[in-house]
Structures are given as C-alpha cells and as structure tokens.
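> Okay, predicted coordinates and the sequence, questions at the end:
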Amino acid sequence: MNAVVYKGPHEVAVEEVDEPEIEHPNDVLIDITTTCICGSDLHMYEGRTAAEPGIVFGHENMGVVSEVGEAVSDLEVGDRVVAPFNVACGFCENCEDGYTGFCTNVNPGFAGGAYGYVAMGPYKGGQAEKLRIPYADFNALKLPEGDAHEDAFALLADIFPTGWHGTELANLEPGDSVAVYGAGPVGLMAAYSAKIKGAAEIYVVDRVPSRLDLAEEHCDATPINFEEGDPVEQIKDLHGGGVDKGVDAVGYQAVDPEKQADSAYDPARENPAVVINNLIRTVKPTGELGIPGLYVPEDPGAPDDMAAQGRLGIDFGLLFEKGQALGTGQCNVKSYNRELRDLIIEGRADPSWVVSHRVGLDEAPEMYEAFDNREEGVTKVLLEP
C-alpha cells in the first residue's frame, strides 16, 4: 500500500510499504477514508525531533473497519470509526482515571503512545491506505454510517478535542474572557470551543491574516496580530486589563516578534518561552493557563543550549506573584471525543470550517511544504487515500 514516509528534514515521500496485519486479537484494521496533516507533524518534518527517516506519519485517522481480531466484541467489518491520536489500553491506572494520553501499557518505559510519532511507540501512522488500531474496542469511536460530516469527524482524532482540552486545562467557564495564542488548527479549535462554552470575550493572537480572519468569522474572536505591536498590551488595551483565562496553542517553536531574521519562521526568530511568558502577563492575577501546545525535552534545532534540553526561561516569579494556575499536557482525546461527535451529529458544532484542503495522498509532499511555510489559506489539510 502507499503511505507518507519521512525521509529527512523537510522531505516526505509517498512510497509503497507493507500493509498492516492483525497482530493481537484485540486489533482491527481499517481502510483509511480521511487522514490529516497535523501541526505537530511539522516538528518531525522540520527535523526538530529525534525522528529517524522511515517513519510513516499520520496520527489523525478515520476509516471503515476491514478486518476484526477474534477478541474484538463491539466492532464489525463495515463500521465507520475515528481513532484518537492517543493509543491507550483502557485498563491501566492512568486510563482508568481518564488520562488516556498517558497510558502506561502501550509504550513501555514511557507514559503515552500515538500513531506515527517519534518516541510514541511502534504504531505506524495512518497517512496511508490502511491502519491497525490496537485495543480497538476501547480506541475506535463509532460514527454514523455513510459519509456525512466526514471532514468534521476527521477532526475528532486530534485538533477539535485538543482545542477543547486547552479550554479545559484553563478551566474556562461561561462568561470568562480568554486569550488564545496561536491561530493554527488547534488554536482555532480552542477559540471555537471557547465560543461553544459561552466565553464572553475571545482574543486570538497570530501573525497570519487569513488565520486571524477565520478566528474572527467563526469564533467571534478579536484578532490580535503580534507583528503589529505587543500582543499583551493590545489585549489589555481592548479588554481593560488582564483576561480571565489563557491558552497556549503554539508550543516550543514560538516566534518572538522582537527578533528579526531572513524569513518569518526562521529558527533564529524563535523564543520557546515567549508565549508562556506573554500568557502570564496577559492573564489576570489568580487566572488560569491551559497549555496544550507541544513542548519537548530535547530539541536538536533549538536556538540555544538551554532550550535544546527543553529548559525554558519562564517568568515563574511573576506567575507565582499573580497566583496563577496552569495545566499542561497532551489531550486525553477519549475524555471528549464522544460528546464532541454528538455535538456534530446534532448540529450544535461543525468544526469543518477550519479545513482548507482535501487532496489525494499523492499530494502530501507538496502540502507538507505549503503547510510548513504557513502559506496564506493553508490551514488544515486532509488527505484522502
């Protein structure tokens, strides 16, 4: 079968690879109908992780069950399903507590597993024609038959739950004001989640006009372009002080507007701590910060030796002085995906507006390049094998 294979920094190729097989009685195989390129794939694509060439990318996957292991009891051939990007067993202590992003059984020596991602276990990615889903009764979420809401359901694998998770980490409540840093797919989904939850004011910070336009149009958010001035001061001027809650949907490859370089996303412009420090300044005393944006313990392309070890210059003294609380970590998708699916089915939510491209798998190399360059209008790319 064909799959998107990592070849080295800034290079992927669509190549013939072995088809997955049932490896355990709890497995199912699916024929992929939609798989997505994620912003976190770009960290590997850019060579900013320890990923080695040969990885099949793809942790946002949905499809139709084509083969069922003999111990699977709740799924049948022909079922339409979406898989959380987390691979989880469902019965370890963390899974039982709802922390399926930190399963201790699926990736020995590490808490958490995922499809097609460096250090997240032996699970091949789904940017391919077929995918194996382990512990399938637990991990596969059933969807209605047919092809309705295909784009929206595909976003249940990661970005819609992850955006929602950002607002949960910040303990967002109806009537709160919130600042979301980053208008990539996760940031836009965080702002959209804040709107669904009844936030009174939503500010979204980015530098790409088309993404800020989406935040304004679909999330009722006030766009803040950080290239046009200090985003903290812009928000405080508009709001009249610090906001109640904040979400970091950027992570460690954050651009510092105070730094200049040859291109907008030149690593020389990066400051891995800038978003967290801006959030500390943006949010009011006793406010709360949600940080679903990705941070890593090792960064081979970091701007300095400290950041290369995942150590950031965070203004912890100011955080402490303001009595702020923060939550971090990858999304436990299963905590949210069933309810978000039902919001989509009932017409209460439709996150598909974030999708900018649906293309064939063979166009993956070109779309990785365009997405990595943050080209205007390239927001969320879906691949169709």
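Arrived safely.
> what residues are up against residue 376?
Applying CB atoms under 8 Å, 6 or more residues apart in numbering, we find residue 376 in contact with 208, 209, 210. (Glycine included, C-beta is placed from N, CA and C.)
> Can you give me every residue that contacts the second one?
In other words, residue 209. Here residue 209 is in contact with 225, 376 (CB under 8 Å, 6+ apart).
> if we can go back for a sec, between the contacts of residue 376, which is nearest residue 245?
residue 208 (23.1 Å; CB to CB).
> Grab the nearest non-local neighbour of the closest one.
The shortest distance from residue 208 to any non-neighbouring residue, by CB to CB, 6 or more residues apart in numbering, is to residue 374 (5.7 Å).
> Need the contacts of residue 376 in JSON lines (columns: distance to residue 107 and secondary structure).
Shown next, in JSON lines, are the contacts of residue 376 (distance: CB to CB, whole Å; DSSP: H, G, I helix; E, B strand; the rest coil):
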{"residue": "208", "distance to residue 107": "34", "secondary structure": "coil"}
{"residue": "209", "distance to residue 107": "40", "secondary structure": "helix"}
{"residue": "210", "distance to residue 107": "37", "secondary structure": "helix"}
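> would you list these in a markdown table and tack on distance to residue 246 and pLDDT?
Shown next, in a markdown table, are those (distance: CB to CB, whole Å; pLDDT from 0 to 100):
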| residue | distance to residue 246 | pLDDT |
| --- | --- | --- |
| 208 | 20 | 92 |
| 209 | 22 | 94 |
| 210 | 23 | 93 |
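> Could you export these to CSV, including columns for distance to residue 70?
Formatted as CSV, the contacts of residue 376 follow (distance: CB to CB, whole Å):
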residue, distance to residue 70
208, 49
209, 54
210, 49
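> what's the distance between stretch 63-78 and the middle of its chain?
Offset of stretch 63-78 from its chain centre (CA atoms, centre = their mean, to the nearest Å): 27 Å.
> Could I get the average pLDDT for it?
Stretch 63-78 shows a mean pLDDT of 98 in the predicted model.
> so which of the contacts of residue 376 comes closest to residue 271?
residue 208 (18.1 Å).
> For residue 132, give its distance to residue 29.
Between residue 132 and residue 29 the distance is 6 Å, computed by CB to CB, to the nearest Å.
> Then residue 173?
42 Å.
> More neighbours: which of the two?
Neighbours were counted for residue 173 and for residue 29 using other CB atoms under 10 Å; residue 29 has more, 20 against 14.
> Bridge partners for the more buried one, pull those for me.
Beta-bridge pairing of residue 29 under DSSP bridges involves residue 67, residue 132.
> before we move on, what about residue 12?
As for beta bridges, residue 12 partners with residue 6 under DSSP bridges.
> Quick check: it touching residue 366?
No. Contact status for residue 12 versus residue 366: not in contact, 10.1 Å apart, counting by CB atoms under 8 Å.
> between the two, who's got more neighbours?
Neighbour totals were compared for residue 12 and residue 366, and residue 12 leads with 25 against 11 (other CB under 10 Å).
> For that one, list the residues it contacts.
Taking CB under 8 Å, 6+ apart as the test, what residue 12 contacts is 4, 5, 6, 45, 57, 364, 365, 368.
> Compute the distance between the third one and residue 52, please.
Put plainly, it is residue 6. Taken as CB to CB, the span from residue 6 to residue 52 is 8 Å.
> Then residue 334?
Distance from residue 334 to residue 52, by CB to CB: 29 Å.
> the more surrounded of these two?
Neighbours were tallied for residue 334 and for residue 52 using other CB under 10 Å; the higher tally belongs to residue 334 (20 against 10).
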